[in-house]
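*Asks:* just a sequence and a predicted model for now, questions to come.
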Amino acid sequence: MPPSKHDLRRYVKACDPNLPIRFTNQDKGLYVELDEVRADRHLPCVERLARRIERADPGDETAQLFTGHSGSGKTTELHRLRRHFEQDTEETTHVILIDMEEYLNRYQAVSIADVVRIFAYVFDLEASRLETGETNPKVSFQEMLTSWLPNSVEVKGAKVPLPGVDLNLEMKHNNDFRQLVNQHLRGRFQSFVAECHQVVSKAVSRIRRKLGIVRVVAMVDGLEKITASVEEDREAIEKSVEGLFLDHASLLRLPCHAIYTFPIWLQFRTAELGNTWDGDPAVLQMVSTHHPDGAPQPKGIHRMEELIRKRLGKEEDLNAVFANEGTLRLLVDATGGYPRDLLRLVRGLLQSLAESDFPAQESACAAAIRRLEQDYGRLIFDLDLPMLASVARTHQRPSDQDGWRRFRGAVERFLVLSYQNGKEWWDLHPLVRRSPLVAEAIKAAPPSQPETAAESNP
């Protein structure tokens, strides 16, 4: 029996790849434990981040980094970590989860002034919410920031009076306005940053006093999404992100514990992250649905299938959508353990098939896979082919400068995915490997020595 329109709407909503699991009553039961099949099983990402915080002396606040491919589940894992702290019966912790996408345009270079300004606002707002019980209380941040600025700024020949302007909204959506404000602040940068930090420090003290607790944790999500919308802007934007996490790392240390997401490609530009921050970055890998030698990894495949089972609901819901186990397995195999792509494929089926076409047959799944394969094919450039062939054969990162640069770009475009089996290894996205151009490049590439990663299966 095909699914009803009501059920199809429910399935489509549950399989939205852009909605993280927040561990609320609304998404209760949707989470699938993936630690064992995508990371060092002895110390998963969330446990590593939690232990550094829990084992620090009071007053010795930590600052950590967390990364992974976009869509690998970082935001979900941060919500999972928040729940871990909220359920801690031995030491009460207050968690502030900051989504930087609410305040920053992800396609523009970021500055430390932007970030500390946002921190001053968010922490002041959080303290005021706790003190007043109001959802949207008045905060002193707007007055503080306005005091640093002239009464108006001139944008494209027109004067914009600052009193009454929603500065957060303007700074995100009006880049000309933002540049003029930052230019005005640049001459008094140190003083401005110091005052923002003072606002944050006072807000943390207010939170601790109100709740009667010591430990406060800020989880800063979304900074990893800053990227270029056009290629000519890429170098400037990447340099701004690198400067944020290296040159200004000390200014990102807060009077509370802090965890920052950062773009996975930054690991390939510098080796200093582990020294600059509290320990090496935690990296959320893809689900290991196959070994480096290409053999299937049954545990990983099962967990990816379970991810869809839980999103759809009961077993009968799964049977209403897929004709048999083989149809779902086709989608899992095509995604290489990438959770977002699997949800994207299933949601595409749910949105495109006529009701009479359910349950989906293998031909429908194969057609959906071909559409996604075409999307990836558009992202492959001729100059990338030698690097892609090298990664396919060795499962290692290139060592030459040009290959290294192209590898960074391929990771950002999800052409290359990261895995873990005691040590990090890399592989092409299965749909990239299927490209005729890539397949020919792999075939023509010189033989390579057996890679270390392939010598032991997890």
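*Replies:* Great, that's in hand. Residues are numbered from 1 along each chain as shown.

*Asks:* so where's the chain uncertain?
*Replies:* For the chain, applying pLDDT under 70 flags the ranges 39-42, 153, 155, 157-158, 160, 162-164, 447-458.

*Asks:* show me the strands in it, by range?
*Replies:* Secondary structure of the chain by DSSP state E: the strands cover 63-68, 93-99, 152-155, 158-161, 215-221, 257-261, 282-284, 416-420, 424-428.

*Asks:* ok, A236 touching V110?
*Replies:* No: contact criterion CB atoms under 8 Å: A236 and V110 do not qualify, at 10.8 Å. The C-beta positions use only the backbone N, C-alpha and C, and glycine is treated the same way.

*Asks:* which one's more surrounded, those two?
*Replies:* More neighbours surround V110 than the other of A236 and V110, with 18 against 11 (other CB atoms under 10 Å).

*Asks:* ok, the more buried one touching E224?
*Replies:* No: taking contacts as CB under 8 Å, V110 lies outside contact range of E224: 11.3 Å.

*Asks:* mind putting the strands of the chain in a markdown table, mean neighbour count included?
*Replies:* Below are the strands of the chain laid out as a markdown table (neighbours: other CB atoms under 10 Å):
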| stretch | mean neighbour count |
| --- | --- |
| strand 63-68 | 23 |
| strand 93-99 | 19 |
| strand 152-155 | 15 |
| strand 158-161 | 11 |
| strand 215-221 | 22 |
| strand 257-261 | 24 |
| strand 282-284 | 23 |
| strand 416-420 | 23 |
| strand 424-428 | 21 |
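
*Asks:* so which of those strands comes closest to E272?
*Replies:* E272 lies closest to strand 63-68 among these, at 11.5 Å (CB to CB).

*Asks:* what packs against the closest one?
*Replies:* Counting contacts by 3 or more CB pairs under 8 Å, 6 or more residues apart in numbering; DSSP states H and E, strand 63-68 is packed against helix 45-54, helix 74-86, strand 257-261, strand 282-284.

*Asks:* looking at the ones you listed, which is buried most?
*Replies:* strand 257-261 (a mean of 24; mean count of other CB atoms under 10 Å).

*Asks:* name the strands paired with that strand and say parallel or antiparallel.
*Replies:* Note on strand 257-261: by DSSP bridges, its sheet partners are strand 63-68 (parallel), strand 215-221 (parallel).

*Asks:* tell me the angle of the first one relative to helix 45-54?
*Replies:* Strand 63-68 runs at 180 degrees relative to helix 45-54, counting by axes from the mean of the first three to the mean of the last three CA atoms, to 10 degrees.

*Asks:* who's in contact with L284?
*Replies:* By CB atoms under 8 Å, 6 or more residues apart in numbering, the residues touching L284 are 38-39, 45, 66-69, 72-74, 77.

*Asks:* so what touches the lengthiest helix in the chain?
*Replies:* Identified as the longest helix of the chain according to DSSP state H is helix 189-211. Helix 189-211 is contacted from outside by 92, 94, 112-113, 116-117, 119-120, 123-124, 126-127, 130-131, 140-141, 144, 148, 185, 213-214, 216, 251, 254-256, using CB under 8 Å, 6+ apart.
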